[in-house]
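Q: Need coordinates for the following:
(chains A and B)
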Amino acid sequence: MKKKVSLFKLFWIFFKIGLVLFGGGYAILPFLQTEIVEKEKICTQEQMIDFYALAQCVPGIVAGSVSMFIGYSARSILGALVSIFGMCLPAFVAMIIFATMLGNISHYPLVQSIFNEIGIAVCILIFLTILELWKKSVHDVFTSTIFLVSLCATIFFHVSPFWVIILSGVFGLAAKLIKGEPNAD
Amino acid sequence: MLIDVFVEFFKIGCVAVGGGYTVIPFLYYLIPVYHWYEAETITEMIAVSNVTPGPIGINMATYAGFQAGGFLGAVLATVAVVLPSIIIVPILSKILKKYKNNCFTEYVMYGLRPAAVALITVAALQIFKSSILTIDKFASTHRVSDLVSLKAVCMLCFFAVCGYFLRKRPMLLILLGAIAGVVVYFIEKIL
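A: Next comes the predicted model:
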């Protein structure tokens, strides 16, 4: 049975993640992997990937939806609400501070230099996470094909992530049914 | 006025499927209708949300909402943009829970997981392109040596080594990135 986490703990984890999440929502995975899967054991790695994939398909901000799925799996509806609140709070406060006092600091060379290096660090973190995820989700001919086709479809043909996820789900179902495996691994 | 902010950002939240950047075209669309901000504000918003914590979609909503209706506008826009998730995710989670041990769910996930990993790989490659490669410089000179700077290669190796040791502490690596940024700035200033 999964360990029961307190609502405050959930809020705190997502607040911390929201605080270090720069740029797009995809940067969320390395933090989920270490904080949610490894440290707190709120969900398994497979569940985390499932939630991330589903969040691509439902309306709304990806990082927000992922945090809600995880929060819901841990503590039902209240868990989902405190998770998304924690995730959004740093973004909200930061933008209010920017809008009211700082103006656009992104022009300063020092700020640009800092975020340039953070970008490289985030890049490394995501690649390390991909290596982890790979073991659990790309393990046979079919999954490797799905991986490569999805990669090419997104890079070269700019297919929307929405369709990539929906279609690969359909293919997964079809492949398993055709093969007629009695029980999935 | 404020109800418009709420309704418009709720709509944006509904169509923002798969990544915060899908919000951008809709922000442009709002300009001639409401005059809450100008086109340059959007470019500025994108730049600022890249250097502020939090998901980019939330950043954009808060900032645009603030421009449109002050603090209350910011609150309304932020709530409105996440409201679609708040409505749909619990419903979907409930359905998932019900069919958790259903083999069909497992079959769908079997195909879905490698695709999700592919999407993450694409995102990582995009960050790699924007933070390490200097595509603009390469496009104007066509010299391979202009594609990537020596500094970028050094930093990449540095973070790869640090990342390997700090892979259980990703937040520390981000902090290290910020410190490295300050150090690099002053070194470049001296040289």
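
Q: Just the pLDDT at residue A:2, thanks.
A: Confidence at residue A:2, expressed as pLDDT, is 53.

Q: And the residue nearest in space to the middle of chain B, how close does it get to chain A?
A: Centre of chain B computed as the mean C-alpha position; nearest residue by Cα atoms, centre = their mean is residue B:56, 4.3 Å away. Going from residue B:56 to chain A by Cβ to the nearest Cβ, to the nearest Å gives 5 Å. For the C-beta atoms, the positions are set from N, CA and C on the backbone; glycine is no exception.

Q: My guess is that residue contacts residue B:45. True?
A: No. Look at residue B:56 against residue B:45 with Cβ atoms under 8 Å: they stay out of range, at 9.4 Å.

Q: Tell me the gap between stretch A:122-140 and the middle of its chain.
A: Centroid separation for stretch A:122-140 versus its chain: 12 Å, with Cα atoms, centre = their mean, to the nearest Å.

Q: near chain B, anything from it?
A: Yes. Judged by Cβ under 8 Å from any Cβ of the partner chain, stretch A:122-140 comes into contact with chain B at A:122-130, A:133-134, A:136-138.

Q: From the residues you listed, which shows the smallest pLDDT?
A: Lowest pLDDT of the residues of stretch A:122-140 next to chain B: residue A:136, 77.

Q: Leaving out chain neighbours, which residue sits closest to it?
A: residue A:45 (5.5 Å; Cβ to Cβ, 6 or more residues apart in numbering or on different chains).

Q: Any idea how many residues pack against residue A:177?
A: 12 (other Cβ atoms under 10 Å in any protein chain shown).

Q: just checking, it touches residue B:107?
A: Yes. Under the criterion of Cβ under 8 Å, residue A:177 makes contact with residue B:107 at 6.9 Å.

Q: list the contacts for the nearest residue to residue A:44 once chain neighbours are set aside?
A: Nearest non-adjacent residue to residue A:44, counting by Cβ to Cβ, 6+ apart: residue A:37, 6.7 Å away. Applying Cβ atoms under 8 Å, 6 or more residues apart in numbering or on different chains to residue A:37 gives the contacts A:43-45, A:48.

Q: Now render those as JSON lines, adding pLDDT.
A: JSON lines is the format used below for those (pLDDT from 0 to 100):
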{"residue": "A:43", "pLDDT": "89"}
{"residue": "A:44", "pLDDT": "89"}
{"residue": "A:45", "pLDDT": "87"}
{"residue": "A:48", "pLDDT": "89"}
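
Q: So which of these is the closest to residue A:85?
A: residue A:43 (19.0 Å; Cβ to Cβ).

Q: what about the residue nearest to the closest one when sequence neighbours are not counted, which SS state?
A: Take residue A:43 and drop its neighbours on the chain: the residue closest to it by Cβ to Cβ, 6+ apart is residue A:73, 5.5 Å away. Secondary structure state of residue A:73, per DSSP: H, G, I helix; E, B strand; the rest coil, is helix.
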